[in-house]
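Novice: Based on what follows, work out the 3D shape:
(chains A and B)
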Amino acid sequence: MTASSLLRFAATVCAGLLAAGAFAADRSIVLQSTTSTANSGLYDHILPRFTDATGIQVHVVAVGTGQAIKNARNGDGDVLLVHAKSAEEAFVEEGYGVERFDVMYNDFVIVGPPGDPAAVAGMHDATAALGKIATSGAAFASRGDDSGTHKKEMALWRAAGVDPEADSGGWYRETGSGMGATLNVAVGMDAYALTDRGTWISFSNRGEHRVLVEGDDALFNQYGVILVDPERHRNVKAEDGQAFIDWILDDEGQAAIASYRLGGQQLFFPNAAP
Amino acid sequence: MLSETQRGLLGETRKLRYAVAGRPLIDGIDLTLSPGRLTVVMGPNGSGKSLLLRLLHGLLQPSSGEVLWDGSPPVERIRSKQAMVFQRPVLLRRSVAANLQFVMKLRGPANDEKLREMLAFVGLTAQADQPARLLSGGEQQRLALARALVLAPEVMLLDEPTASLDPASTAAIERIVAGAHDRGTKIIYVTHDLGQARRLADEVAFLNRGRLAEFTPAQEFFGNPRSECARDFLAGRLPGLRPEKPTTI
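Specialist: Numbers count the residues shown, from 1 in each chain, chains lettered A, B, ... in the order given. Just a heads-up that it's a prediction; the model follows:
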């Protein structure tokens, strides 16, 4: 190798390293998402695969769905992945998001104490079970945080014809916290709670609580993904955000979701449109 | 002595204790609740009356000790023979009749005849099709009683059901409770109202600071209370504010 070719080689290597450094530093997105997905361990499983494939880092902000949508409205984030379909559709219709896509689903379950004071074990009608819990006076721990889980819970209470907030602090306890903290309260005070199955399976402090009500269509829990509209917020990394959406909706992302298991159980079921 | 119509479970608590953060709120209560008697639970605020009721019904699990009904803890088989009525009942946002049908359907097909009979018993026949949430406070509580009674419980636990009602509504509730008792339902009734306790009680369990201070026939309790805290309570003296005996200088 001549001196000049050595210099050219060194320059090329330096340029490549600089480019790689710039690549590593710059290519990242912020994903506004939910505590239920983050607490379940799903992102720890799938995001390294996305980063390996694209070089794009994903920084997850895990809050309740309501807060995630608020954050995305404010332009704090590039992609939204949450679970409250009507709120997501409103987000797009109001011009904050480009388009909404179904990504995956799991389901909600009602967990409760071993004594099951409202006698709801084995019921498959979630609204009837909530009616029974309310009229029995048994304690119920609610997220109370405008999250997707809380929105679902309130919809179920409305269907049951119960206004639980009228008894806030009595049998109905709102924690204003995430799913893990709310489950801790439920276990601590022998209360019932609505949780997504993924968080329940990954939750370690279950005590003697167990799943008592499941299998109702009303407990279906659909997740959607949306690119925050770059025309509304100029700081949105549209290209990399869209790369994430393309990946998670494509075969590789969907397979990564399906392959995540905890204790041998699949927590999320991919259902993006082909 | 039980009459033929008196059914029921024999309730017992043994060294019953319920603590929060290590602080005992119910502290070592031994109690025998015989079928047929109308038991009134009294005591100052914070004495543990409502907690005791919830423990008896299995809504809370004891920290230690036990609650037994016919020798069994209040599991579903036992709770299905009980009903509980709260100070603020949770009524479903549907008609009066539909509220009753809801609980009846949970046990099997709704029975129209039983429904009509229960509405008449609590005096809500004319309101059967009205939305439950538009009822007055007294009517709502009567509906809550009907919802409990329509399941023909052997034991009914009531937690200050008349605490926020006017005298007329209170009298109506007392008539329904006394009627249920006459039909053989064991009643365990928490109240602050001395007059009401005198009218209803066969026996009084008096709690003070989580402990059972006295458990005696009603006549004896009101005529000659044994414990100092019960005497203070009946005399309207606030706990902890009893005047000290004058000291000689």
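Novice: Residues of chain A that sit close to chain B?
Specialist: A:113, A:115-117, A:119, A:128, A:131-132, A:134-139, A:160-164, A:166-167, A:170-171, A:190 (Cβ under 8 Å from any Cβ of the partner chain). Just so you know, the C-beta spots here come from the backbone N, C-alpha and C atoms, and that holds for glycine as well.
Novice: Please pick the buried ones from these.
Specialist: Among these, the ones that count as buried by 16 or more other Cβ atoms under 10 Å in any protein chain shown are A:113, A:115-117, A:119, A:128, A:131-132, A:134-139, A:160-164, A:167, A:171, A:190.
Novice: Now do the contacts for B:Phe221.
Specialist: B:201, B:203-204, B:206, B:214, B:230 (Cβ atoms under 8 Å, 6 or more residues apart in numbering or on different chains).
Novice: Report the buried residues of stretch B:221-232.
Specialist: By neighbour count on 16+ other Cβ under 10 Å, the buried set for stretch B:221-232 is B:221-222, B:225, B:227, B:229-230, B:232.
Novice: Mind listing what's buried along the helix or strand A:Phe91 falls within?
Specialist: Here A:Phe91, judged by DSSP states H and E, is contained in helix A:85-93. Residues of helix A:85-93 classed as buried: A:85, A:87-88, A:91-92 (neighbour count, 16+ other Cβ under 10 Å).
Novice: residue boundaries of the strands in chain B?
Specialist: Secondary structure of chain B by DSSP state E: the strands cover B:11-20, B:23-33, B:38-42, B:64-69, B:82-85, B:155-159, B:186-190, B:203-208, B:211-217.
Novice: Correction: the previous question concerned the stretch 51-200 of chain A.
Specialist: A:57-63, A:79-82, A:97-112, A:140-142, A:172-174, A:192-196 (DSSP state E, counting those that start in this stretch).
Novice: Mind listing the strands the fourth one pairs with, and their directions?
Specialist: If you go by DSSP bridges, strand A:140-142 pairs up with strand A:172-174 (parallel), strand A:192-196 (parallel).
Novice: and among these, the most buried is which?
Specialist: strand A:192-196 (a mean of 26; mean count of other Cβ atoms under 10 Å in any protein chain shown).
Novice: residues near A:Pro272, how many?
Specialist: Quick fix: residue A:272 reads Ala, not Pro. When neighbours are defined as other Cβ atoms under 10 Å in any protein chain shown, A:Ala272 has 18 of them.
Novice: Of the contacts of B:Phe221 - the most surrounded one?
Specialist: Neighbour count (other Cβ under 10 Å) singles out B:Phe206 as the most crowded of those, with 26 neighbours.
Novice: residues touching that residue, list them.
Specialist: B:42-43, B:212-215, B:221, B:225, B:227, B:229-230, B:233.
Novice: From chain A, how far off is the nearest residue to it once chain neighbours are set aside?
Specialist: Closest residue to B:Phe206 apart from its sequence neighbours, by Cβ to Cβ, 6 or more residues apart in numbering or on different chains: B:Glu214 at 4.2 Å. Between B:Glu214 and chain A the computed distance is 27 Å (Cβ to the nearest Cβ, to the nearest Å).
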